[in-house]
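With the sequence up front, the predicted model follows.
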Amino acid sequence: MGPLLAPRWPSLDSDRIVRAAARAAGSDEFGDPHFLEALPIFFDAIDREADLSWLGRVMCRQSLRGFLQNRFGVYRHRAAHPELVAAPIERPIFIAGFPRTGTTILHNLLAQDPANRAPLAWEVQFPDPPPQSATFDTDPRIDQARTLFGHMDAMAPSLASIHEIGAEMAQECLPILAHSMLGPQLNMIFNVPSYQAWVDRQSHAPAYRYHRHFLEHLQSEHMKDRWVLKCPAHLRTLDALLTEYPDARIIFTHRDPAETVPSLASLFYVIRGMASDSVDPIALGQQQMQWWAESLDLATAVRSEHSDKSDQFMDIQFEELVSDPVAALGRAYERFRIPWSSDVEGRMRSFLANHPPGKHGSHQYEIGDFGLTLGQIRERFEGYSRAYDIPLVV
């Protein structure tokens, strides 16, 4: 009787996943077809490298279906409402710092300004149809997202202590880029290094073009003065970002890599552990150190090439955020000539009071857990640390 009761091994047939996503979205319109090239490469890497558990295969299937369903829905609505492109996206603010440097708290603080429009987690997860101003705070998709994130908390109870997420909190651009099968989100959840290597060789112009289309979709019935956006992965594709958004204002956050790299490896270890029972922490540590070091090198090179845009960039050290993140944002507003008021400051400080550090427990990890040494990290990030005068605290 045992084999008869065993759960059926979830299928990962890309054609079936695409058809299911199109059926759920009510359309098979997907815009630029470049992402179709990515599907067989991704699933080949899943088969050869990811070593997914039963639950991991379910997660993989649902993730891909969700990304594609969202993309199909955005383009279905766009085809029916061509007036969406009439509202421009001007001078958006991006946070593009190394992970674990305070990017999430900065993004959520920026979202407290009533003039700012941050994509919230629930609307990124369920973007179709576009949210409306009249029901933005009561949309039933908020509860759907709460349920989904509750399941994630149950699967990985330690995740909240590392990276807090909530249905009504600001969401980063990572899942938006994943709708185009680009960016690092899939390699964050699943161990697919060959797929990530393929992604890194591609032009990311289509992903940022879709990124703009996605924002146009969200703002079509709920618009504010400016978008505030965040994703550490923007570091690696800064050239594509600036091509799509030439007037973007970008905040770069910095912290001692000896603190960020093992913290990031610990985060990815927890996330990948939801999908696989055989995550290799040593390989993971090396992967993350090399990939993010390359990303920082690329960002530094692009910034040098765009020295004419230096007034659109601002650097913030982690120590400034620890001391007073609201004051740091006040300086950013001044640099970018954005109105600052006591009301905005009060809203930000209220958010800080309700989300103190360690609210969900402390994040426990050791640098050696991931086969890394202080010397390795210091050597690999020497150029970055010197270029931005990073205080070395470890």
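Done, it's in. Numbering: from 1, shown residues only.

Next, the contact list for the residue nearest to Asp369 when sequence neighbours are not counted, please.
Leaving out its chain neighbours, the residue that sits closest to Asp369 by Cβ to Cβ, 6 or more residues apart in numbering is Pro281, at 5.9 Å. Glycine gets a C-beta too; all of them are placed from N, C-alpha and C. Applying Cβ atoms under 8 Å, 6 or more residues apart in numbering, we find Pro281 in contact with 265, 269, 369-371.

For those, give me CSV that also has pLDDT and neighbour count.
Formatted as CSV, these follow (pLDDT from 0 to 100; neighbours: other Cβ atoms under 10 Å):
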residue, pLDDT, neighbour count
Ala265, 93, 26
Tyr269, 94, 20
Asp369, 94, 16
Phe370, 95, 24
Gly371, 96, 16
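
Pull the most distant pair out of those.
Greatest spatial distance in the contacts of Pro281: Tyr269 and Gly371, 11.8 Å, computed using Cβ to Cβ.

ok so, going back, keep only those of the contacts of Pro281 that are in strands.
Among the contacts of Pro281, the subset assigned to strands under DSSP state E is empty.

Would you mind giving those residues as a markdown table with distance to Lys230 added?
Shown next, in a markdown table, are the contacts of Pro281 (distance: Cβ to Cβ, whole Å):
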| residue | distance to Lys230 |
| --- | --- |
| Ala265 | 21 |
| Tyr269 | 22 |
| Asp369 | 27 |
| Phe370 | 25 |
| Gly371 | 29 |
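
just curious, which of these is nearest to Asp28?
For those, the nearest to Asp28 is Tyr269 (37.2 Å; Cβ to Cβ).

does the closest one really touch Ser278, like I thought?
No. At 11.9 Å, Tyr269 does not count as touching Ser278 under the criterion of Cβ atoms under 8 Å.

Which stretches in the protein count as strands?
93-95, 116-117, 226-230, 249-254, 313-317.

Low-confidence stretches in this structure?
Flagging of the chain using pLDDT under 70 yields the residue ranges 1-7, 156-163, 358-364.

Nearest residue to the middle of it?
In the chain, the centroid-proximal residue (Cα atoms, centre = their mean) is Leu174; its distance is 2.8 Å.

give me every residue that touches that one.
Counting by Cβ under 8 Å, 6+ apart, Leu174 makes contact with 183-185, 188, 231, 233.

The stretch 1-150 of the chain: helices as residue ranges?
Here the stretch 1-150 of the chain has its helices, by DSSP state H, counting those that start in this stretch, at 2-5, 14-25, 34-45, 54-80, 103-110, 121-125, 141-155.

Contacts only, for the closest residue to Cys231 other than its chain neighbours.
In space, and not counting its chain neighbours, Cys231 is closest to Cys173: 3.8 Å by Cβ to Cβ, 6+ apart. Applying Cβ under 8 Å, 6+ apart, we find Cys173 in contact with 119, 183, 211, 229-231, 233-234.

Going through these, which ones are buried?
Neighbour counting with 16 or more other Cβ atoms under 10 Å marks 119, 183, 211, 229-231, 233-234 as buried within the contacts of Cys173.

and these as JSON lines, adding distance to His306?
As requested, the buried ones among the contacts of Cys173 are exported to JSON lines (distance: Cβ to Cβ, whole Å):
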{"residue": "Pro119", "distance to His306": "25"}
{"residue": "Gly183", "distance to His306": "21"}
{"residue": "His211", "distance to His306": "19"}
{"residue": "Leu229", "distance to His306": "18"}
{"residue": "Lys230", "distance to His306": "20"}
{"residue": "Cys231", "distance to His306": "18"}
{"residue": "Ala233", "distance to His306": "18"}
{"residue": "His234", "distance to His306": "14"}
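
Of these, just say which sits nearest to Pro88.
His211 (14.6 Å).

re the thing from before, now do the residue nearest to Cys231 against Ser342, distance only.
30 Å (Cβ to Cβ, to the nearest Å).

Repeat that for Gln144.
Here Gln144 is placed at a distance of 36 Å from Ser342 (Cβ to Cβ).

next one: Pro40
Computed with Cβ to Cβ, the distance linking Pro40 and Ser342 is 55 Å.

okay, the two: which has more neighbours?
Pro40 (10 against 7; other Cβ atoms under 10 Å).

Identify the residue nearest the more buried one in space, chain neighbours excluded?
In space, Pro40 is closest to Ser14, 6.6 Å off (Cβ to Cβ, 6+ apart).

How many residues are close by the one you found?
Ser14: 17 neighbours (other Cβ under 10 Å).

what do you get for Thr138?
Neighbour number of Thr138 under other Cβ under 10 Å is 8.

How about the contacts made by it?
By Cβ under 8 Å, 6+ apart, the contact set of Thr138 is empty.

I'd like to know how far it sits from Lys224.
According to Cβ to Cβ, Thr138 stands 18 Å off from Lys224.

Repeat that for Gly150.
Going from Gly150 to Lys224 by Cβ to Cβ gives 29 Å.

Who has more neighbours out of the two?
Taking other Cβ under 10 Å, Gly150 and Lys224 do not tie; Lys224 has more neighbours (14 against 11).

Identify the residues contacting Phe42.
When contacts are counted by Cβ under 8 Å, 6+ apart, Phe42 touches 64, 181, 186, 192, 195.

Likewise for Ile176?
If a contact means Cβ under 8 Å, 6+ apart, then Ile176 has 119, 124, 210-211, 214 as its contacts.

10 Å instead, please
By Cβ atoms under 10 Å, 6 or more residues apart in numbering, the contact list for Ile176 reads 67, 70-71, 74, 119, 124, 127, 183, 185, 207-208, 210-211, 213-215, 218, 229, 231.
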